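Q: Structure here, sequence nowhere to be found:
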């Protein structure tokens with residue numbers, strides 16, 4: 001058996017890659033991780049989940065102060081203003097702290113960070129920054145990047161047509177921000193800039209926002225965001241963009257065909273999705289081809305068809321979510337070490353960090369109905385004592401269960417803390433819970449989570465507080 005430099009080499013240090021590397025090292029394998037970015041943590045920590053949450057949180061507090069919501073609670077502010085530099089500064093601090101934290105974990109677990117882009121030269125060999133490195137097992141965890149929109153050229157430096165990275169870095173509040181794409185990223189970043197004073201228009205190709213989510217949730221979210229001041233152009237496609245001295249002129253037309261119209265914007269955010277990062281990996285050198293969606297196919301253990309080469313996260317099929325990649329990172333490391341690493345892809349929660357938050361796990365009502373008879377229980381946040389006391393009346397909890405077995409098939413929540421609440425639902429589903437199991441579990445009072453208990457009671461009988 002040939003000697004290798006490493007037992008495991010992970011390509012990419014995003015949530016999937018760095019977790020896989022740390023877990024492999026914890027299991028006693030000699031591990032390295034190749035990453036070309038200046039800092040660890042991938043898109044998520046550097047220009048994605050983490051910095052966007054820093055701005056979402058800050059802008060939420062700003063809006064509460066600016067729109068008089070605090071005054072209603074007896075908190076009076078005589079003079080207030082937006083200090084965007086400080087708001088952006090605390091975002092950068094959050095990123096620095098967390099990316100530095102991953103670097104510390106690498107040192108603690110003795111993971112070697114190979115700085116540079118890794119490219120295959122053979123099944124067990126890669127080239128990183130001009131050096132050849134060999135490993136018995138190589139894990140591809142290169143993540144994804146922004147999907148380009150034909151006819152609309154992103155230029156983050158210019159600050160007029162930006163992607164999600166550029167939208168985090170704006171140095172002044174745009175008068176009119178047009179968001180192309182009504183998905184999670186567009187709505188979150190649109191929320192940030194709307195709260196601090198921008199007019200926001202969302203242009204979405206489909207006839208409803210938040211593709212892939214439960215139908216009722218999508219409709220309710222649409223209503224809530226409209227009330228907050230979002231404007232929509234649904235069933236609309238963008239055909240071109242022209243950057244002028246003062247802003248951008250977008251050309252749009254109905255998705256179904258029809259007359260074109262122009263929209264004037266100060267800044268345009270293109271957020272129509274993400275695509276797997278496979279370019280420059282040299283996959284052709286090892287005979288690994290991509291599927292029709294540009295993804296790498298793996299088996300249940302995350303092994304590709306090339307022995308010793310594995311893949312996880314955004315480069316393989318499934319939702320492009322940091323926590324999905326993390327779980328796959330742990331599983332792939334355990335499989336390489338000869339243990340049993342499994343990810344239950346039927347129970348992966350997704351969250352939209354707007355206000356209120358929107359979260360779901362399992363099947364939508366539409367998908368569940370296609371599989372057989374179901375029962376649905378719903379409970380409005382308006383009737384939840386904690387939400388009412390906090391002046392947070394928007395949203396509901398919806399539980400979908402199998403009509404015969406009462407097994408929970410899906411849970412959908414719109415509430416200020418939906419992202420935290422969904423963990424209980426995911427855990428219940430992981431244990432194969434029935435709606436009755438949730439209904440008969442004692443929930444602390446007063447909490448938002450009581451709405452989950454009441455929705456579960458609504459599946460088979462009647463909730464108490466409605």
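A: It's in. Predicted model only: the values in this text are computed from it and were never measured. Numbers count the residues shown, from 1 in each chain.

Q: rest of the way, CA atoms for contacts and neighbours
A: Fine.

Q: quick one, what contacts residue 310?
A: The neighbourhood of residue 310, defined by C-alpha atoms under 8 Å, 6 or more residues apart in numbering, consists of 137-140, 298, 302-304, 332.

Q: just checking, which of these belong to strands?
A: The strands, defined by DSSP state E, take in 137-140 from the contacts of residue 310.

Q: would you list the residues you listed in CSV and tack on pLDDT, distance to residue 55 and neighbour count?
A: CSV is the format used below for the ones in strands among the contacts of residue 310 (pLDDT from 0 to 100; distance: C-alpha to C-alpha, whole Å; neighbours: other C-alpha atoms under 10 Å):
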residue, pLDDT, distance to residue 55, neighbour count
137, 98, 39, 22
138, 98, 36, 28
139, 98, 33, 28
140, 98, 31, 26
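
Q: Return the distance of the helix or strand that contains residue 397 from the chain's centre.
A: Under the criterion of DSSP states H and E, residue 397 resides in strand 396-402. Its chain's C-alpha centre and that of strand 396-402 lie 22 Å apart, by C-alpha atoms, centre = their mean, to the nearest Å.

Q: what do you get for stretch 392-407?
A: Here stretch 392-407 is found 23 Å from its chain centre; the criterion is C-alpha atoms, centre = their mean.

Q: Name the residues of that stretch that are buried.
A: 392-402, 406-407 (16 or more other C-alpha atoms under 10 Å).

Q: Please enumerate the helices of the chain.
A: With helices called from DSSP state H, the chain shows them at 15-26, 42-47, 49-66, 84-108, 164-168, 184-195, 215-228, 322-336, 365-371, 385-389, 418-430, 435-439, 450-460.

Q: mind listing the strands for the stretch 251-400 of the chain?
A: Taking DSSP state E, counting those that start in this stretch to define them, one finds strands in the stretch 251-400 of the chain at 261-265, 267-270, 274-276, 309-311, 350-352, 357-362, 374-380, 396-402.

Q: Residue 294: which of those strands is closest?
A: Evaluated with C-alpha to C-alpha, the strands of the stretch 251-400 of the chain place strand 274-276 nearest to residue 294, the distance being 6.5 Å.

Q: What helices and strands are in contact with that closest one?
A: Packing partners of strand 274-276 (3 or more C-alpha pairs under 8 Å, 6 or more residues apart in numbering; DSSP states H and E): strand 144-146.

Q: per-residue confidence averaged over the strand it packs on?
A: Mean pLDDT, strand 144-146: 97.

Q: As a markdown table, the contacts of residue 310 with distance to residue 193 would be great.
A: Shown next, in a markdown table, are these (distance: C-alpha to C-alpha, whole Å):
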| residue | distance to residue 193 |
| --- | --- |
| 137 | 44 |
| 138 | 41 |
| 139 | 38 |
| 140 | 35 |
| 298 | 39 |
| 302 | 39 |
| 303 | 42 |
| 304 | 42 |
| 332 | 39 |
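
Q: among those residues, which two are most distant?
A: Going by C-alpha to C-alpha, the pair spanning the contacts of residue 310 furthest: 137 and 298, at 14.5 Å.

Q: hang on, residue 361 packs against residue 410?
A: Yes: using C-alpha atoms under 8 Å as the test, residue 361 is close enough to residue 410 to be in contact (5.6 Å).

Q: Of these two, which one has the most company?
A: Counting neighbours by other C-alpha atoms under 10 Å for residue 361 and for residue 410 shows that residue 410 has the greater number, 26 against 23.

Q: low-confidence ranges in the chain?
A: Applying pLDDT under 70 to the chain flags the ranges 1-2.

Q: what residues go with each domain of it?
A: Domain assignment for the chain by the TED database gives 6-146+275-337, 156-272, 349-460.

Q: So for residue 343, which of those domains sits nearest?
A: Within the domains of the chain, the stretch nearest residue 343 is domain 6-146+275-337; the backing value is 6.3 Å (C-alpha to C-alpha).

Q: Span of the closest one from start to end?
A: Domain 6-146+275-337 has an end-to-end distance of 13 Å (C-alpha to C-alpha, to the nearest Å).

Q: if we can go back for a sec, nearest approach to residue 46 belongs to which of the strands of the stretch 251-400 of the chain?
A: Residue 46 lies closest, by C-alpha to C-alpha, to one member of the strands of the stretch 251-400 of the chain: strand 274-276, at 15.9 Å.

Q: If we go by neighbour counts, what in the closest one is buried?
A: For strand 274-276, the neighbour count (16+ other C-alpha under 10 Å) marks 275-276 as buried.

Q: Reformat the domains of the chain as CSV; add distance to residue 466.
A: Shown next, in CSV, are the domains of the chain (distance: least, C-alpha to C-alpha, whole Å):
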stretch, distance to residue 466
domain 6-146+275-337, 26
domain 156-272, 19
domain 349-460, 7
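
Q: where does the spatially most central residue of the chain fall, phi/psi-wise?
A: Nearest to the mean C-alpha position of the chain, by C-alpha atoms, centre = their mean, lies residue 321 at 4.9 Å. The phi and psi values for residue 321, taken as degrees, to the nearest 10, are phi -130, psi 140.

Q: what's it in contact with, if anything?
A: Each residue near residue 321 by C-alpha under 8 Å, 6+ apart is listed here: 313-314, 350.

Q: ok, 10 Å please
A: Counting by C-alpha atoms under 10 Å, 6 or more residues apart in numbering, residue 321 touches 15-16, 44, 49, 143, 313-314, 348-351.

Q: Select only the buried ones of the residues you listed in PyMOL?
A: Burial among the contacts of residue 321 is assessed by 16+ other C-alpha under 10 Å; the matching PyMOL selection reads:
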select buried, resi 15+16+44+143+313+314+348+349+350+351
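
Q: now, which of the contacts of residue 321 sits nearest residue 167?
A: Using C-alpha to C-alpha, the contacts of residue 321 come closest to residue 167 at residue 49, 13.0 Å.

Q: does that closest one really touch residue 322, like I thought?
A: Yes: contact criterion C-alpha atoms under 10 Å: residue 49 and residue 322 qualify, at 8.3 Å.

Q: Just confirm residue 162 contacts residue 155, I think it does.
A: Yes: counting by C-alpha under 10 Å, residue 162 touches residue 155, with 5.7 Å between them.

Q: between those two, which one's more packed in?
A: Taking neighbours as other C-alpha under 10 Å, residue 162 and residue 155 compare with residue 162 leading, 24 against 12.

Q: So what sits opposite the more buried one in the bridge?
A: Partner residues in beta bridges with residue 162, using DSSP bridges, are residue 269.
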